[in-house]
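Visitor: Structure, please.
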Amino acid sequence: MTKPLKAKNTTVAFLGIGLMGLPMTNNLLLAGYQLQVWNRTRKKAEALAQDDQLKITDSVEEALEGADVIISMLENGAVVEHVLFHRQSYLASQEGTLFIDMSSISPETAIRHHDILTESGRYYLDAPVSGGTVGAAQATLSIMAGGDKNQFERAKPLFKKLGQPIHIGPVSTGQLTKLANQAIVGITIGAVSEALMLASKGGANLKAVRKALLGGFANSRILDLHGKRIIERDFLPGATSRVQLKDLTTVLSTSDQQNLNLPLTQLVCDQYQSLVDAGDEMLDHSALYLQLERLNSEQS
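Guide: Below is the predicted model:
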């Protein structure tokens, strides 16, 4: 194993300064890492704290040059493919560089990217995260890593500046774990939405309902955070409905490959599709409640 990726001896190339990437890069800067960042829209990267540790680049290749580790936090596998592999931009990095994809992509895409990078003398971890923008800002993300255990140990000092890392298993198992997470999140948001609508229709005080449920067996982080969002009708995105739909669609395509039938995931995915089709794709994924309102309005 090469030297651990500690701040004093590590230059990080970070690709993707969006809702998650912005607070994550800020935490790496606070930890003392040297950063070379790229974002398709340069203006978003300019929102980062400007200091001698930070270099904003105009191309992916410039960001990769001389970096010890490359982190991608991009919207989906197709974007990762385009940014790093379509024009073979990854070859701008030096051999021995560790690529960490913290985007949410399909397991099969993770395996393909791993194979390409390994054949070219580079290393790869798939390490998607859960915790949303709050977890990214507070450096409390759950980091689910798949790939070589030695490379995971190499990356652990960096990971710990972003959250709590767990090595899941071989390459792609990080992405499988993230899919499991997203299935639970999507289905639970649906359950919370239906429960609150049921209580509301009967005239209950929703703030009191949420408080009572938080003290019982139905308690969950989603009831706590997203239940509050629903009651306050605050649907500014922590994680967008579009991304939730993308992840649930990936869950279903992966389950098809494994000859699994996941009926609850399918039902919730269909409702997110309707939400997105109605133009609410950039609202928070707790806005599934709005789709439930529309559904009941149509039936009344």
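Visitor: Give me the number of neighbouring residues for residue 40.
Guide: Neighbourhood size, residue 40 [other Cβ atoms under 10 Å]: 16. (C-beta placed from N, C-alpha, C; glycine too.)
Visitor: May I have the secondary structure class of it?
Guide: coil (DSSP: H, G, I helix; E, B strand; the rest coil).
Visitor: who touches the residue nearest to residue 5 when sequence neighbours are not counted in this structure?
Guide: Excluding its sequence neighbours, the residue lying closest to residue 5 (Cβ to Cβ, 6 or more residues apart in numbering) is residue 158, at 4.4 Å. By Cβ atoms under 8 Å, 6 or more residues apart in numbering, the residues touching residue 158 are 5-6, 10, 12, 28, 33, 69.
Visitor: These in helices, which ones?
Guide: Members of those lying in helices (criterion: DSSP state H): residue 28.
Visitor: can the contacts of residue 158 go into CSV with extra columns for distance to residue 214?
Guide: What follows is the contacts of residue 158, written out as CSV (distance: Cβ to Cβ, whole Å):
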residue, distance to residue 214
5, 39
6, 40
10, 41
12, 39
28, 34
33, 38
69, 40
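Visitor: on that earlier part again, so which helix or strand takes in the residue nearest to residue 5?
Guide: Assigned by DSSP states H and E, residue 158 belongs to helix 149-159.
Visitor: If any of the contacts of residue 158 are buried, put those into a PyMOL selection.
Guide: Here is the PyMOL command that selects only those of the contacts of residue 158 that count as buried (16 or more other Cβ atoms under 10 Å):
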select buried, resi 5+10+12+28+33+69
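Visitor: Now intersect the contacts of residue 158 with the strands, please.
Guide: Secondary structure assignment by DSSP state E places 12, 69 of the contacts of residue 158 in strands.
Visitor: quick check, nearest of the contacts of residue 158 to residue 135?
Guide: Nearest to residue 135 among the contacts of residue 158 is residue 28, at 14.8 Å by Cβ to Cβ.
Visitor: The closest one against residue 162, yeah?
Guide: Yes - counting by Cβ atoms under 8 Å, residue 162 is a contact partner of residue 28 at 7.4 Å.
Visitor: contacting residues around the lowest-mean-pLDDT helix or strand in the chain?
Guide: Ranked by mean pLDDT, DSSP states H and E, the weakest helix or strand in the chain is helix 42-45, scoring a mean of 90. Identification of contacts with helix 42-45 by Cβ under 8 Å, 6+ apart yields 17-18, 22, 37-39, 56, 58.
Visitor: List the buried residues of the helix or strand that comes right after it.
Guide: Next along the chain after helix 42-45, taking DSSP H and E as the criterion, comes strand 54-56. By neighbour count on 16+ other Cβ under 10 Å, the buried set for strand 54-56 is 54, 56.
Visitor: List the strands paired with strand 54-56, with their directions.
Guide: Within its sheet, strand 54-56 is paired with strand 34-38 (parallel), according to DSSP bridges.
Visitor: Which residues does the strand it pairs with contact?
Guide: By Cβ under 8 Å, 6+ apart, strand 34-38 touches 10-15, 17, 25, 28-29, 45, 48, 53-60, 62-67.
Visitor: Mind checking which of the residues you listed are buried?
Guide: For those, buried by 16+ other Cβ under 10 Å: 10-15, 17, 25, 28-29, 45, 48, 53-54, 56-57, 60, 62-64, 67.
Visitor: Please export the C-alpha coordinates of stretch 134-153 as PDB.
Guide: Coordinates of each C-alpha in stretch 134-153 appear next as PDB, following Å, rounded to 0.1, in the frame of the first residue of the first chain:
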ATOM      1  CA  VAL A 134     -26.700  18.300   5.700                       C
ATOM      2  CA  GLY A 135     -24.400  15.300   6.100                       C
ATOM      3  CA  ALA A 136     -22.000  16.800   3.500                       C
ATOM      4  CA  ALA A 137     -21.900  20.100   5.300                       C
ATOM      5  CA  GLN A 138     -21.400  18.500   8.700                       C
ATOM      6  CA  ALA A 139     -18.900  15.900   7.500                       C
ATOM      7  CA  THR A 140     -21.100  13.100   8.700                       C
ATOM      8  CA  LEU A 141     -21.800  11.300   5.500                       C
ATOM      9  CA  SER A 142     -22.100   7.500   5.400                       C
ATOM     10  CA  ILE A 143     -19.400   6.400   2.900                       C
ATOM     11  CA  MET A 144     -20.000   3.000   1.400                       C
ATOM     12  CA  ALA A 145     -16.800   1.800  -0.300                       C
ATOM     13  CA  GLY A 146     -16.300  -1.100  -2.700                       C
ATOM     14  CA  GLY A 147     -12.900  -2.200  -4.000                       C
ATOM     15  CA  ASP A 148      -9.500  -3.200  -2.900                       C
ATOM     16  CA  LYS A 149      -9.100  -3.100   0.900                       C
ATOM     17  CA  ASN A 150      -5.600  -1.700   0.800                       C
ATOM     18  CA  GLN A 151      -6.800   1.300  -1.300                       C
ATOM     19  CA  PHE A 152      -9.600   1.800   1.100                       C
ATOM     20  CA  GLU A 153      -7.100   2.000   4.000                       C
END
